[in-house]
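Colleague: Next input, structure requested:
(2 chains)
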Amino acid sequence: MAQLFSNLLDVDWSTEWPMIIMWIIGGVLIYLAIKKEMEPTLLLPMGFGAILVNLPNSGAVSQVVDGIVEEVGPIDVLFNAGIANELFPLLLFIGIGAMIDFGPLLANPKMMLFGAAAQFGIFLTLSLASFLGFELKDAASIAIIGAADGPTSIFVSQYFESNYVGAIIVAAYSYMALVPIIQPTVIKICTTKNERLIRMPYKPKSVTKATKILFPIIITVVAGIFAPKSVALVGFLMFGNLIRECGVLDRLSESAQHELANLITILLGLTVSTKMQWESFLNWQTIMIMLLGLVAFIFDTAGGVLFAKLLNLFLKEKVNPMIGAAGISAFPMSSRVVHKMGLEEDPQNFLLMHAAAANVSGQIASVIAGGLILTLVQV
Amino acid sequence: MFDFKALLDSLPIMGLGMLGIFIVIGIIMGIIWILGKVFTEKKDNKNQ
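Modeller: Numbering: from 1, shown residues only, chains lettered A, B, ... in the order given. Here you go, the predicted model:
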């Protein structure tokens, strides 16, 4: 009988009680995923994983005794195979690329400017995190939460071998799910009612198949020339898109969008949880990272909106500044938020196609921002 | 806790980062414009 409970009795609860907090955090993540449907594909595996890796002497993760690995856990094996070498986020990017229709952007390329402006939060947060005492490599990894792009966050934080990968990923995905709450507040603060009422008629422009096929190839070359470290991220994203647009690989495109993306998502969420062991997760830095992530999202949104207002000083045909907020990478939530806000102000103002173009450009811009951070931050 | 030197050191990264992203996006916009001019609907149909 004593053997049955030996694992429980062997634990020194006076020092290891924080693992119970991680069970609660795991439970909260699972609750948010199921009940509130907040990024369930990622938060649910991460929540379950947080419990899994914080059980006493968990066989899911490697057990180290006196500095020697006694037993290698499967989650650590997965981590080394898929995240430590940045493979999972890259494979996920093929699936994401296959899901994206760049048509609205190719028809209205000036919307790309909002994708660029809405990355401001990333670079501001980098400075702020440095000011708060984080090492530059960690500050850069935290800043990329503002990319509103989970795979890019994982890729960059893992590239820099940040000490806070777990917290960064939890923050990135949590805030992506909170876009419908964060963005409307920031947009309302930054705009007047009259600005929100600006109508933007949509003049659909046809985009040829040749353009759609050449676009991902040329973008990869441009990104490779200007931000060579982003070429893996951009290249995998654009490869996925090329499969979609070429018209002769429909089966592969379908597989990338569904089977590949789903498989990687399952493994990614669970594997990331290896960085959620209480020893490295429960500290004041995690709280700081959560706050800095929020700052990044707020200033991304504000950056896009204020840039649109700046453009309006020079444009004859005014832009609804809310479109600027859709320049973040959270697709399609951000464009839906802007469209909904536009309809609330004026039921005849349809901003969806403009917002979708800005939102898609945000996906490209966030990856380029990630690549620029990798290039500019020397550690 | 507050590191003013680190803040100052990071400012060039912020400036270069934002400048870099606008340059790359500007180039991409130019490419889209050129693609739009070269591959018009009529020419594409001809190719098909």
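Colleague: what ranges do the helices span in chain B?
Modeller: All helices of chain B, identified by DSSP state H, fall at B:4-38, B:41-47.
Colleague: from the chain's centre, how far out does the strand or helix carrying A:Ile298 sit?
Modeller: Using DSSP states H and E, the element containing A:Ile298 is helix A:284-312. On the basis of Cα atoms, centre = their mean, to the nearest Å, helix A:284-312 is displaced by 14 Å from the centre of the chain it belongs to.
Colleague: Does anything pack onto it? Which helices or strands?
Modeller: Under the contact criterion of 3 or more Cβ pairs under 8 Å, 6 or more residues apart in numbering or on different chains; DSSP states H and E, helix A:284-312 touches helix A:112-117, helix A:120-131, helix A:136-143, helix A:165-177, helix A:179-190, helix A:322-325. From N, CA and C alone the C-beta is placed, and that goes for glycine too.
Colleague: Could you tell me the least trusted of those?
Modeller: Lowest mean pLDDT within the helices and strands packed on helix A:284-312: helix A:165-177, at a mean of 83.
Colleague: how about the residues of chain B that lie near chain A?
Modeller: Chain B comes close to chain A at residues B:1-4, B:6-7, B:9-11, B:13-14, B:16-18, B:20-25, B:27-29, B:31-33, B:35-36, B:39-41, B:43-44, B:47, as judged by Cβ under 8 Å from any Cβ of the partner chain.
Colleague: Include mean pLDDT and mean neighbour count when you put the helices of chain B into TSV, please.
Modeller: Shown next, in TSV, are the helices of chain B (pLDDT from 0 to 100; neighbours: other Cβ atoms under 10 Å in any protein chain shown):
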stretch	mean pLDDT	mean neighbour count
helix B:4-38	91	17
helix B:41-47	56	11
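Colleague: For A:Trp284, which of these is the nearest?
Modeller: A:Trp284 lies closest to helix B:4-38 among those, at 17.9 Å (Cβ to Cβ).
Colleague: which secondary structure elements does that closest one contact?
Modeller: helix A:103-107, helix A:112-117, helix A:120-131, helix A:136-143, helix A:209-226, helix A:352-376.
Colleague: just so I know, which of those helices lies nearest A:Trp278?
Modeller: helix A:136-143 (19.2 Å).
Colleague: Quick one: residues contacting A:Arg336.
Modeller: A:Pro180, A:Leu352, A:Ala355 (Cβ atoms under 8 Å, 6 or more residues apart in numbering or on different chains).
Colleague: Of these, which is the nearest to chain B?
Modeller: A:Ala355 (17.3 Å; Cβ to the nearest Cβ).
Colleague: quick one: the closest one and A:Met333 touch, right?
Modeller: No. Using Cβ atoms under 8 Å, A:Ala355 is not in contact with A:Met333, being 10.7 Å away.
Colleague: Neighbour count for these two, which is higher?
Modeller: A:Ala355 (31 against 19; other Cβ atoms under 10 Å in any protein chain shown).
Colleague: measure that one to A:Ile187 for me?
Modeller: 11 Å (Cβ to Cβ, to the nearest Å).
Colleague: How about A:Ile51?
Modeller: 37 Å.
Colleague: can you check A:Val179 too?
Modeller: From A:Val179 to A:Ile187 the distance is 11 Å (Cβ to Cβ).
Colleague: The residue nearest to A:Leu351 when sequence neighbours are not counted: which element?
Modeller: Setting aside the residues directly before and after it, A:Leu351 is nearest to A:Gly342 in space (Cβ to Cβ, 6 or more residues apart in numbering or on different chains), at 4.0 Å. If you go by DSSP H and E, A:Gly342 is part of helix A:333-345.
Colleague: Of all the residues in that helix, which ones are buried?
Modeller: Using 16 or more other Cβ atoms under 10 Å in any protein chain shown as the test for burial, helix A:333-345 gives A:Met333, A:Ser334, A:Ser335, A:Arg336, A:Val337, A:Val338, A:His339, A:Met341, A:Gly342, A:Glu345.
Colleague: Repeat that for stretch A:268-276.
Modeller: A:Leu268, A:Gly269, A:Leu270, A:Thr271, A:Val272, A:Ser273, A:Thr274, A:Lys275, A:Met276.
Colleague: Report the mean confidence score over the helix holding A:Ile298.
Modeller: 93.
Colleague: got the angle for that helix vs helix A:179-190?
Modeller: 50 degrees (axes from the mean of the first three to the mean of the last three Cα atoms, to 10 degrees).
Colleague: Just want the angle from helix A:284-312 to helix B:4-38.
Modeller: 50 degrees.
Colleague: Helix A:284-312 versus helix A:165-177: what angle between them?
Modeller: Going by the same axes, to 10 degrees, helix A:284-312 makes 40 degrees with helix A:165-177.
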